[in-house]
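Fold the following for me, if possible:
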Amino acid sequence: MIISESHRSEWKTDSQKTVETVVLPDRLVDQLSPVKTSQGILAFFDKPEWDWSDMTPHLVYAAGLQDPGNLGTLFRTAAATGLFSLATAPGTVSCFNDKVVRASAGYLYSVPFLQDRPLEELKRNGYRLVVAEAGHGSDLFSFHFPTPMAIVVGREGGGIPNVPGDAARVRIPMAAGVESLNAAVAAAVIMYEVLRRELGAGG
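Residues are numbered from 1 along each chain as shown. All right, here's what the predicted structure looks like:
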């Protein structure tokens, strides 16, 4: 862990949990930091490693997302529901992109995920594909979710390429004149609908 001199007391407790802590002048930490306004701390972690045995029965599959903020939001929402793991298609922004890591608010290290996995691999592992499409498919609030399932979310403005014909399609009801939702928002709406039903079934 690297801490700036002016933030030494602020991060004192956290520094005691690390293998090694180095205190540097503020200007050096600012130069090392990838963000415009540094919080006075830089930390280095081992990359998490997961395999199919770690994946949950409910999974979100990001197919070609390019906006790191959207992918980071998927991690946060998956963690908030407590139900979902993640997988990404080839061509999707890396889960270790620095902006994804920041947008995930740390949940990159608690939500299981796999990178660069083709749709066929999900099917081989028993996941039924549920594609979120604007204006097409069954109404979200009456749709019967299979288990295990992978909710497929396409890239911003580009849709979802090469979707198998046997994939189920679900749409989020929207007011007239509204074409679509942000990819991360659409996924969040669907994830919370799944959670709502899980809570109802448990009650």
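
What is the burial count for the closest residue to V35 other than its chain neighbours?
With Cβ to Cβ, 6 or more residues apart in numbering as the criterion, V35 has its nearest non-adjacent residue at 7.5 Å, and that residue is R102. Quick note: C-beta positions are derived from backbone N, CA and C, even for glycine. Applying other Cβ atoms under 10 Å, we find 15 other residues in the vicinity of R102.

confidence score at R102?
As predicted, R102 sits at a pLDDT of 88.

Would you mind pulling the contact partners of the regular element (helix or strand) spanning it?
Using DSSP states H and E, R102 sits in helix 98-103. With contact meaning Cβ atoms under 8 Å, 6 or more residues apart in numbering, helix 98-103 is reached by P34, V35, P68, G69, L71, G72, T73, F75, R76, V93, S94, L108.

Please list only the buried members of those.
Buried members of the contacts of helix 98-103, scored by 16 or more other Cβ atoms under 10 Å, are P68, G69, L71, G72, T73, F75, R76, V93, L108.

Generate JSON lines for those, with distance to G165 as supplementary columns.
Output for the buried ones among the contacts of helix 98-103, formatted as JSON lines (distance: Cβ to Cβ, whole Å):
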{"residue": "P68", "distance to G165": "31"}
{"residue": "G69", "distance to G165": "32"}
{"residue": "L71", "distance to G165": "27"}
{"residue": "G72", "distance to G165": "32"}
{"residue": "T73", "distance to G165": "30"}
{"residue": "F75", "distance to G165": "30"}
{"residue": "R76", "distance to G165": "33"}
{"residue": "V93", "distance to G165": "28"}
{"residue": "L108", "distance to G165": "34"}
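
List the residues that contact V29.
Neighbours of V29 in contact, by Cβ under 8 Å, 6+ apart: I2, I3, S4, S38, G40, I41, L42.

now the lowest-mean-pLDDT helix or strand in the chain: how far from the chain's centre is it?
Least confident helix or strand of the chain, by mean pLDDT, DSSP states H and E, is helix 12-15 with a mean of 75. From the chain centre to the centre of helix 12-15 is a distance of 28 Å (Cα atoms, centre = their mean, to the nearest Å).

I'd like to know which elements that helix is packed against.
Judged by 3 or more Cβ pairs under 8 Å, 6 or more residues apart in numbering; DSSP states H and E, helix 12-15 is in contact with no other helix or strand.

just checking, what packs against the next helix or strand after the helix holding R102?
Sequence order places strand 113-114 as the next helix or strand after helix 98-103, per DSSP H and E. Identification of packing neighbours for strand 113-114 by 3+ Cβ pairs under 8 Å, 6+ apart yields strand 84-88.
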